[in-house]
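# What shape does this take:
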Amino acid sequence: MTTAPFLIGVAGGSGSGKTTVAERLAGLFGGTDLALLRLDAYYRDRNDLSFEERVAIDYDHPDAFDWPLLLDHVRRLLDGYEVQAPVYDFATYERLPERQIVHPARIVVVEGILVLYEPELRELFDLRVFVDTDADVRFIRRLIRDTAERERTVESVVEQYLATVRPSHLQFIEPSKRYADVIVPHGGMNEPAIDVLLARVRELLAPA
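Next up is the predicted model:
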């Protein structure tokens, strides 16, 4: 009898260190043993809108994401099938024609700001993780990332943070922390906390 994949959700605010935690998990178990889905790739397809209209969207709100597609892909991976994850361009705010093949694996990690918020997805997880980082640290990381990697200006990052990122974090993301089984304080560079998390995952995956 084939053992079902172990599904982990890694949530936290923008710039909290979720990606670092997910990558540490991948490093522990190896690429062939772990499949990673990033919520950021599942923004709704808004290519019918103008660039100016796409810029104005609140991308930290639950309505910004294509939950049916993500849920379908998670369930397919759990059933042992590969999926074609969307590819998103953060500079132009649009879904690209390309797709990224994600193969089924013993461990499936879903990483993103709201993965513990959406009830149907949340109930699928075997382990729920929330990466908790102070707001000023998250903002600095976001500012550095968006100006360096996403072709944003400092002014646009600050404006977006005040208009949508911070309000949505307080309304949707922070409250989802109560659903976490494990909270990683001080972000993805908290080595002792990550070691505890990795030990917990090893324990849960150990043969009975």
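# Please make it C-alpha for all contacts and neighbour counts, starting now.
OK.
# quick one, helices of the protein?
For the chain, the helices defined by DSSP state H cover 18-29, 51-55, 67-78, 119-122, 135-149, 154-160, 166-168, 191-205.
# can I get these in a markdown table with mean pLDDT and mean neighbour count?
Formatted as a markdown table, these follow (pLDDT from 0 to 100; neighbours: other C-alpha atoms under 10 Å):
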| stretch | mean pLDDT | mean neighbour count |
| --- | --- | --- |
| helix 18-29 | 78 | 19 |
| helix 51-55 | 88 | 13 |
| helix 67-78 | 97 | 17 |
| helix 119-122 | 96 | 15 |
| helix 135-149 | 86 | 15 |
| helix 154-160 | 88 | 14 |
| helix 166-168 | 89 | 17 |
| helix 191-205 | 77 | 14 |
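# Export those to a markdown table and append columns for distance to Leu7.
Converted to a markdown table, the helices of the chain look like this (distance: least, C-alpha to C-alpha, whole Å):
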| stretch | distance to Leu7 |
| --- | --- |
| helix 18-29 | 12 |
| helix 51-55 | 32 |
| helix 67-78 | 8 |
| helix 119-122 | 10 |
| helix 135-149 | 26 |
| helix 154-160 | 32 |
| helix 166-168 | 26 |
| helix 191-205 | 11 |
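# got the CA positions of stretch 176-196 in CSV?
Coordinates of each C-alpha in stretch 176-196 appear next as CSV, following Å, rounded to 0.1, in the frame of the first residue of the first chain:
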residue,chain,number,x,y,z
SER,A,176,-4.4,32.8,10.6
LYS,A,177,-1.6,32.2,13.0
ARG,A,178,-4.0,30.7,15.4
TYR,A,179,-4.4,27.7,13.1
ALA,A,180,-0.6,26.9,13.2
ASP,A,181,0.7,23.7,14.8
VAL,A,182,4.2,25.2,14.9
ILE,A,183,5.2,28.9,15.0
VAL,A,184,8.7,29.9,13.9
PRO,A,185,9.5,33.3,15.7
HIS,A,186,11.9,35.9,14.3
GLY,A,187,11.7,34.6,10.7
GLY,A,188,13.5,32.1,8.6
MET,A,189,16.9,32.7,10.0
ASN,A,190,15.9,31.5,13.5
GLU,A,191,18.2,28.4,13.5
PRO,A,192,17.0,26.9,16.8
ALA,A,193,13.3,27.2,15.8
ILE,A,194,14.0,25.7,12.4
ASP,A,195,15.9,22.8,13.9
VAL,A,196,12.9,22.1,16.2
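# buried stuff in stretch 83-91?
83, 85-88 (16 or more other C-alpha atoms under 10 Å).
# of all the helices of the chain, which lies closest to Gly112?
Proximity to Gly112 (C-alpha to C-alpha) singles out helix 18-29 among those, at 7.1 Å.
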